[in-house]
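1. no sequence for this one, just the structure:
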């Protein structure tokens, strides 16, 4: 027979769920999951079918209270009533849409940084909610998760698939802990791809192409890309930038610890080009954010997946056009394999080549290891600002010089002849980006400002 001492010392299974019958009340017992969650249950038979009733989690629900619930359920069963009748009446509460809202509110909002919670919400709403909105979480199986990830892999986005899987696995683990499902459909699944350690650094030509194309795109994402290249900070830190973090007069950006990976406040000098970009951005009256999400001014920008696809498409068209001008075939031009985080690594590598000391680069990157680990990191938080500024300005000068040199080469490049235009059109790359946009104003262009007056940085 179960008692409190026994329940407290029940072993946690390495995987799956272990059941421990009471021995006193028929069908009554406690289940222990591999995450250590203990839940009282009652197994019974009604209408010729076996069922199980969840009686609450231990120790929130005491053994005495669980036994009382079991006795009441068995009494109703003796009168022909299904103990799960009330539970079935609330079946809509187990819809994926309802569970998603509860997961975001009760778990992500309290256990994750704002940027992490926003990204988790985006992944779940984009990749799972449309197909599973009205499905009960108890009916979602391993095959359903695999089917949801398949289209992401087909469009050659392994990183997105891996992050989407991590998000849905986290949601179902929470469901198990809350006693909403017996087991997670993701428990025995492996991630779609392994997280590869990248050492990709963009060449000067690639970096110049990314920079110039981001300007031509004329959108918020293009501005974010240029700030990532100039500051060497993380995507979430730039996208979540708030106006009260910026001192554009002194040229300092102070990122609070609540938004950094190592939870330490980070003071970063801003270079002249960075300040020029930020000064030219409009401010939304109802938002503290520099880059608020479209339609939700309280949430940081989350359109980087779509923005990256559009930027890559524009880059691909430019590279194919250049190949044709040189007499090559557009279909032979391979895609550039790069990520937003590669800009951070490229900036760090570039500063190292420019003889910026390693400890200064570490400080710019806000790494908590090495020179800045432990107590020393706390006292060094606002030190090295002059050295950091000098390092970032050296990198900015190199970057802008590279972009200018590439622009000059393009200026003297020959125009395509009729045959080259035909070959490019056959490859699907005959439309110029400028004509495609048709002079549409950028969302980030201040009211009353002309395009001619926009800074080319």
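-> Great, that's in hand. What you see is a predicted model; the values in this text were computed from it and never measured.
2. list the contacts for the closest residue to residue 55 other than its chain neighbours?
-> In space, not counting the residues next to it along the chain, residue 55 is nearest to residue 40; the distance is 3.9 Å by C-beta to C-beta, 6 or more residues apart in numbering. Just so you know, the C-beta spots here come from the backbone N, C-alpha and C atoms, and that holds for glycine as well. Applying C-beta atoms under 8 Å, 6 or more residues apart in numbering, one finds that residue 40 lies in contact with 28-31, 54-58, 61, 63, 66, 69-70.
3. again, 7 Å this time
-> 30, 55-56, 58, 61, 66 (C-beta atoms under 7 Å, 6 or more residues apart in numbering).
4. Quickly name whichever of the residues you listed is closest to residue 351.
-> residue 58 (55.0 Å; C-beta to C-beta).
5. Roughly how far does the closest one sit from residue 404?
-> Going from residue 58 to residue 404 by C-beta to C-beta, to the nearest Å gives 68 Å.
6. and those two? which has more neighbours close in?
-> For residue 58 versus residue 404, the count of surrounding residues by other C-beta atoms under 10 Å is larger for residue 58: 22 against 12.
7. re earlier: whichever of the contacts of residue 40 end up buried, select them in ChimeraX.
-> To isolate in ChimeraX the members of those that are buried, counting by 16 or more other C-beta atoms under 10 Å, one can use:
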select :30,55,58,61,66
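8. Just the contacts of residue 40: which are in helices?
-> residue 66 (DSSP state H).
9. Reformat the contacts of residue 40 as a markdown table; add pLDDT and distance to residue 136.
-> Converted to a markdown table, the contacts of residue 40 look like this (pLDDT from 0 to 100; distance: C-beta to C-beta, whole Å):
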| residue | pLDDT | distance to residue 136 |
| --- | --- | --- |
| 30 | 94 | 24 |
| 55 | 87 | 20 |
| 56 | 84 | 20 |
| 58 | 90 | 25 |
| 61 | 85 | 23 |
| 66 | 91 | 24 |
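10. In strands only, show me the contacts of residue 40.
-> Using DSSP state E, the members of the contacts of residue 40 that fall within strands are 30, 55-56, 58.
11. Just the closest of these to residue 384, please.
-> In terms of C-beta to C-beta, no member of these lies closer to residue 384 than residue 58, at 52.2 Å.
12. State the phi and psi torsions of the residue nearest to the closest one when sequence neighbours are not counted.
-> Distances taken as C-beta to C-beta, 6+ apart put residue 38 closest to residue 58, at 4.2 Å, once the chain neighbours are dropped. Backbone torsions for residue 38, taken as degrees, to the nearest 10, come to phi -110, psi 120.
13. Residue 21 versus residue 38, what's the distance?
-> 14 Å.
14. all helices for the stretch 301-450 of the chain, in order.
-> Under the criterion DSSP state H, counting those that start in this stretch, the stretch 301-450 of the chain contains helices at 304-325, 340-353, 358-365, 374-379, 385-411, 418-426, 433-437.
15. Please name the bridge partners of the residue nearest to residue 389 when sequence neighbours are not counted.
-> Taking C-beta to C-beta, 6+ apart as the measure, residue 389 lies nearest to residue 269, with 3.6 Å between them; neighbours along the chain are not counted. In this structure, residue 269 bridges to residue 252 when assessed by DSSP bridges.
16. What about residue 269, how many residues nearby?
-> Using other C-beta under 10 Å: residue 269 sits among 21 other residues.
17. Now do the contacts for it.
-> Neighbours of residue 269 in contact, by C-beta under 7 Å, 6+ apart: 251-252, 385, 388-389, 392.
18. Just the buried ones out of those, please.
-> Burial of the contacts of residue 269 was assessed by neighbour count (16+ other C-beta under 10 Å); the buried members are 251-252, 388-389, 392.
19. Thought residue 32 was touching the residue nearest to residue 58, still the case?
-> Yes: using C-beta atoms under 7 Å as the test, residue 38 is close enough to residue 32 to be in contact (5.3 Å).
20. Residue 342 and residue 306, how far apart?
-> As it turns out, when the distance is counted by C-beta to C-beta, residue 342 lies 19 Å from residue 306.
21. Name the residue in those two with the higher neighbour count.
-> Applying other C-beta under 10 Å to residue 342 and residue 306 shows that residue 342 carries more neighbours, namely 20 against 11.
22. which SS state does residue 18 fall under?
-> Judged by DSSP: H, G, I helix; E, B strand; the rest coil, the three-state class of residue 18 is strand.
23. which phi and psi does the closest residue to it other than its chain neighbours have?
-> Once flanking residues are discounted, residue 18 sits nearest to residue 32: 4.8 Å by C-beta to C-beta, 6+ apart. In terms of degrees, to the nearest 10, the main-chain angles of residue 32 are phi -120, psi 120.
24. Could you do residue 294 as well?
-> Dihedral angles phi and psi of residue 294 (degrees, to the nearest 10) take the values phi -70, psi 120.
25. domain assignment for the protein?
-> Split into domains by automatic domain parsing, the chain comes to 4-89, 94-177, 204-453.
26. Now render those as a markdown table, adding distance to residue 193.
-> As requested, the domains of the chain are arranged in a markdown table below (distance: least, C-beta to C-beta, whole Å):
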| stretch | distance to residue 193 |
| --- | --- |
| domain 4-89 | 23 |
| domain 94-177 | 4 |
| domain 204-453 | 14 |
